[in-house]
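A.B. asks: Dropping the sequence and predicted coords here.
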Amino acid sequence: MSLLITNARIVCGKPSPAPYRGSVRIAGDRIVEVAPELVAQPGEQVIDADGRVLLPGFIDAHTHAAFAGDRLAEFELQQRGKSYLDILQAGGGIFATVRAVRGASEAELAEALGARLSAMLEHGTTTVEVKSGYGLTTADELKLLRAIQTASREFPGTVLPTALLGHALDPAEPRFVERVVEDTLPRVHEEFGPIPVDAYCEEGAWSVADCRRLFEKASELGHPLRLHTDQFHALGGVELALELGARSVDHLEATSAPMLERIARHGCFGVMLPVSAFHTNERYARARPFLDAGGKLVLASNYNPGAAPSFSMPFVQALAVRKLGMSALEAIVSSTRVPAELLGLLDRGQIAAGLRADLVLLKHRDERLLSYEVGANPVERVIVGGQQWRPSQEHR
């Protein structure tokens, strides 16, 4: 049975054309027709949007949604003036989550991730990148990646795994970097193939030299590269990522305007994560010099239990407009079409015939309200793979 959405205000996922009133026909998991007006066919299910905004499904291209435990005690320490790096160096932060993940079973991790994915879908996110990184040992990193794989099978949208092998340095393992490069990476490659490999280049975490060792070996094995860099300090991670052909550089809060322009000219994707700044130190990446230089800017939640405890892409866009210097339409494009390109998913992120029918119908009749309002869920309904999705009571 086909589905017809009529009388929608269509925001197609590109800067142009401008939003317009139109109709969208869906058959199977594909958009088959987009036009100013379409007439319902016999037996076709019809949704009258009544002028409400229809968007491509949100694509969250940077998350750490596979985790166990919480960091509430750490949050209280932050309110008393402790910095994120202070807590990390005292054995908290990432290490608190590592301990919880090591104590959880693969089934428990998959179940918890599945609940989070359902909540993300309810807020309009239909495609999610999920990183490992909270295991540190080879066995626990493989456990996390298997849990991500298991949860993805029950998710009606799309989940893409990333092996975040350079997340933290395990103080209990003096040869940690060597072990990751010589054991964990080959084991991940053997079981999961050439999935993206990521690292966190920061003081107290992986150095530029450490990242180089991991990335050069990962490149030899055919893994695409992504790099967390310049969250708190600009240590040279951006230069390394550009040299080695990384797909993206993520965070960029400490990146200078000239370096942002250099990233843009290079063609590397810049992933900005405003929830992290909101939660940790109010130091936001600067979107304007990057966009003005033609940069491919991706907005993402960075959803994790420590530095970014929010999975809401509407909230990400609200922050981007207020703090990063973006327009409402730029924020939408950076949450749909551009992350689709980053993840290599050219069948989504826009509303056009032939593309996957991942769509979000808002409660609003003006797309600017998506980033203007803060706190509520603006999503009226979600269509994922051509099917209307309703959250189960257990995930409400």
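C.D. replies: Everything's here; your move.

A.B. asks: make it CA atoms for all contacts and neighbour counts henceforth
C.D. replies: Noted.

A.B. asks: A helix includes Glu33, no?
C.D. replies: No - counting by DSSP: H, G, I helix; E, B strand; the rest coil, Glu33 is not part of a helix but strand.

A.B. asks: residues contacting it?
C.D. replies: Glu33 sits next to 24-26, 352-354 when contact means CA atoms under 8 Å, 6 or more residues apart in numbering.

A.B. asks: if we look at stretch 319-336, which residues are touching it?
C.D. replies: By CA under 8 Å, 6+ apart, the residues outside stretch 319-336 that reach it are 13-15, 56-60, 274-275, 284-288, 297-300, 313, 317, 348-350, 367-368, 370-371.

A.B. asks: Got a quick PyMOL command for the buried subset of the residues you listed?
C.D. replies: Buried subset of these, written as a PyMOL selection, criterion 16 or more other CA atoms under 10 Å:
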select buried, resi 13+14+56+57+58+59+60+274+275+284+285+286+287+288+297+298+299+300+313+317+348+349+350+367+368+370+371
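
A.B. asks: Now, the contacts of stretch 319-336 that are in helices?
C.D. replies: Of those, the ones assigned to helices by DSSP state H are 274-275, 287-288, 313, 317, 370-371.

A.B. asks: For Arg80, state which of those residues is nearest.
C.D. replies: The shortest approach to Arg80 among the ones in helices among the contacts of stretch 319-336 belongs to Val275, at 19.9 Å (CA to CA).

A.B. asks: For the closest one, which non-adjacent residue is closest in space?
C.D. replies: The spatially closest residue to Val275, leaving aside those adjacent along the chain, is Ala308, at 5.4 Å (CA to CA, 6 or more residues apart in numbering).

A.B. asks: contacting residues around that neighbour?
C.D. replies: 275-276, 279, 301-302.

A.B. asks: same deal with Leu54?
C.D. replies: Leu54 neighbours (CA under 8 Å, 6+ apart): 8-11, 359-362.

A.B. asks: What backbone torsions are found at the residue nearest to Val275?
C.D. replies: Per-residue torsions, Ala308: phi -150, psi 70 (degrees, to the nearest 10).

A.B. asks: And the pLDDT for it?
C.D. replies: If you check Ala308, the pLDDT there is 96.

A.B. asks: Tell me how far it lies from His279.
C.D. replies: Ala308 sits 6 Å away from His279, going by CA to CA, to the nearest Å.

A.B. asks: quick one on the thing from earlier: can you turn the buried part of the contacts of Ala308 into a PyMOL selection?
C.D. replies: Buried members of the contacts of Ala308, defined by 16+ other CA under 10 Å, are picked up in PyMOL with:
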select buried, resi 275+276+279+301+302
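
A.B. asks: which helices and strands sit right next to the helix or strand where Phe215 lies?
C.D. replies: Per DSSP states H and E, Phe215 falls inside helix 208-220. Packing partners of helix 208-220 (3 or more CA pairs under 8 Å, 6 or more residues apart in numbering; DSSP states H and E): strand 197-201, strand 225-229, helix 237-244.

A.B. asks: Pick the most deeply packed of these.
C.D. replies: Among the helices and strands packed on helix 208-220, strand 197-201 has the highest mean neighbour count (mean count of other CA atoms under 10 Å), at a mean of 28.

A.B. asks: can you list contacts of that strand?
C.D. replies: 162-168, 206-208, 211, 215, 218, 223-230, 235, 237.

A.B. asks: Bridging across strands, which residues link to the closest residue to Tyr200 other than its chain neighbours?
C.D. replies: Closest residue to Tyr200 in three dimensions, ignoring its sequence neighbours and counting by CA to CA, 6+ apart: His228, at 4.6 Å. For His228, the beta-bridge partners under DSSP bridges are Tyr200, Asp250.
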